[in-house]
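J.: When you get a sec, could you give me coordinates for this:
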Amino acid sequence: MENFIIQGGHELFGEVNISGAKNAAVAIIPAAVLADDIVRIENIPNISDVSLIIQILDRMGAGIKMINKNTIEIDSRSVKYQSVPYDLASHFRASYYLIGIMLGRFKSADVALPGGCDFGVRPIDLHIKGFNMLGADVNIVDGMVQARASKLIGTSIYMDQVSVGATINVMLAAVLARGLTVIENAAKEPHIVDLANFLNSMGADVRGAGTDVIKIRGVEKLHGCTYSIIPDQIEAGTYMAAAAACGGDVLVKNVIPKHLESISAKLEEAGAEIIEYDDAVRVTRFKPLSKCNVKTMPHPGFPTDMQPQMCVVLSLAHGTSILSESVWDSRFQYVGQLLRMGANIQVDGKTAVIEGVKELTGVNVKATDLRAGAAMIIAGLSAKGETTVEDVQYIDRGYEDVVEKFSSLGARISRVTIKDEEGVISDAG
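T.: Predicted coordinates:
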């Protein structure tokens, strides 16, 4: 078991390089299997979710060659059809993309229901609806999603709700289907555009990604390519929020500033100053934080994956802020951890009323999910005294070298390995 130990109360100064986007990587890396060829993918984040998806491709017979920690070559010519068992699928949500990928290549899929962070029921009904409309028969048997199709035929699919996962899964299944597939009310997140660009680099015909209507004209086969994943919008936003919460002057490099506009706008409203460059943003904050209201929305709105980090910023802002969650039902599970640190937050359903406090105080807290874990780091960095963050395996799912990156900004954070209740046996930090 590993914990983070944080000595808080210090401003952040310096530069931090942002890794490739987690949410793009977990779709793009397995999508290489659709090509039946050699694909080289660059700027992959070195995180546990990516390691898991690579393990699954290895089990399926793909030739995996790690060029360096952020570049991989995948040879899918030897891939064989194989079910994806619970022991792998249960650890991360994006394993459900393998349903669309295997349907596309093999017209058959057996994938255990996915796991990942637990903040409310996240059914795959829209995914199944899309697969059914493409001509697949889908059943859930003993926790396994079983999908079969003699052939996939393009069709028009209207998403009853905006769903990133369902939009991506239908795209993956449709690129090798016959005819034209039209996805209406499609999600518009940057990683959907990135996946479409990757598929097109392999010879697919995907148009309209980034709008609410995506058109996919099926092709006979895909070929290999070299592709670089976009920077991680949420990782960038996390370091921006940390700079705002702690104060200081941080240059966040290797980003696409347009992807960060909704985050930048709210941090500026809360009192940070933000300067945009071509591929970087500079965040400074030397004056007191002030209240603001935030509502999470599908892209281009404020991202739900930044909601816990923003909650920490507003916990330290003067006045009363309203934080509304419109995407997930139970994303405020982490609030109890902030209350233990002295935050003043009242949660009613999907709304949090945050009364800013002068300071937070370091205590032992838990990472209840990936982004809540990032919020606990920010809270610890901005708090008075020592904070211990437990269950950091959630954080490792989505943040590459998080201790090293924060340390480079002057944060006093270390990773320690705990043998048992008797104490620390090693310090990796």
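
J.: Surely residue 221 touches residue 176?
T.: Yes - Residue 221 lies in contact with residue 176 (Cβ atoms under 8 Å); the separation is 7.5 Å. Bear in mind the C-beta positions are built from the backbone N, C-alpha and C, glycine included.

J.: Show me which of these two is the more surrounded one.
T.: More neighbours surround residue 176 than the other of residue 221 and residue 176, with 20 against 12 (other Cβ atoms under 10 Å).

J.: Was I right to think residue 128 contacts residue 134?
T.: No - if you go by Cβ under 8 Å, residue 128 and residue 134 don't touch, sitting 10.8 Å apart.

J.: Compare neighbour counts for those two and give me the winner.
T.: residue 134 (26 against 19).

J.: State the distance from the residue sitting nearest the centre point of the chain to residue 301.
T.: Computing the C-alpha centroid of the chain and ranking residues by Cα atoms, centre = their mean puts residue 23 first, at 4.3 Å. Separation of residue 23 from residue 301 (Cβ to Cβ, to the nearest Å) stands at 16 Å.

J.: Quick one: list the elements packing against the strand or helix carrying residue 417.
T.: Using DSSP states H and E, the element containing residue 417 is strand 412-420. Contact partners of strand 412-420 among helices and strands, from 3 or more Cβ pairs under 8 Å, 6 or more residues apart in numbering; DSSP states H and E: strand 2-7, helix 370-382, helix 402-408, strand 423-427.

J.: picking that back up, surely the residue nearest to the centre of the chain is in contact with residue 191?
T.: Yes - contact criterion Cβ under 8 Å: residue 23 and residue 191 qualify, at 4.3 Å.

J.: And the nearest residue to residue 273 once chain neighbours are set aside, how far from residue 306?
T.: Spatial nearest neighbour of residue 273, excluding adjacent residues (Cβ to Cβ, 6 or more residues apart in numbering): residue 284 at 4.8 Å. The gap separating residue 284 from residue 306 is 19 Å, by Cβ to Cβ.

J.: quick one: which of those two has more around it?
T.: Neighbour count, other Cβ under 10 Å: between residue 284 and residue 306, residue 306 has more, with 27 against 17.

J.: right, and the secondary structure at the more buried one would be what?
T.: In three-state terms, and counting by DSSP: H, G, I helix; E, B strand; the rest coil, residue 306 is helix.

J.: does the nearest residue to it once chain neighbours are set aside count as helix, strand or coil?
T.: Closest residue in space to residue 306, ignoring its immediate chain neighbours: residue 237 at 4.7 Å, by Cβ to Cβ, 6+ apart. When classified by three-state DSSP, residue 237 comes out as helix.

J.: what do you get for residue 65?
T.: strand.

J.: could you list every residue that touches the closest residue to it other than its chain neighbours?
T.: If the residues on either side of it in the chain are set aside, residue 65 comes closest to residue 73, at 4.2 Å by Cβ to Cβ, 6+ apart. Taking Cβ atoms under 8 Å, 6 or more residues apart in numbering, we find residue 73 in contact with 38-41, 63-65, 67.

J.: Report the buried members of these.
T.: Among the contacts of residue 73, those scoring as buried are 38-41 (criterion: 16 or more other Cβ atoms under 10 Å).

J.: Looking at those residues, which one is closest to residue 361?
T.: Closest approach between the buried ones among the contacts of residue 73 and residue 361, by Cβ to Cβ: residue 41, at 43.5 Å.
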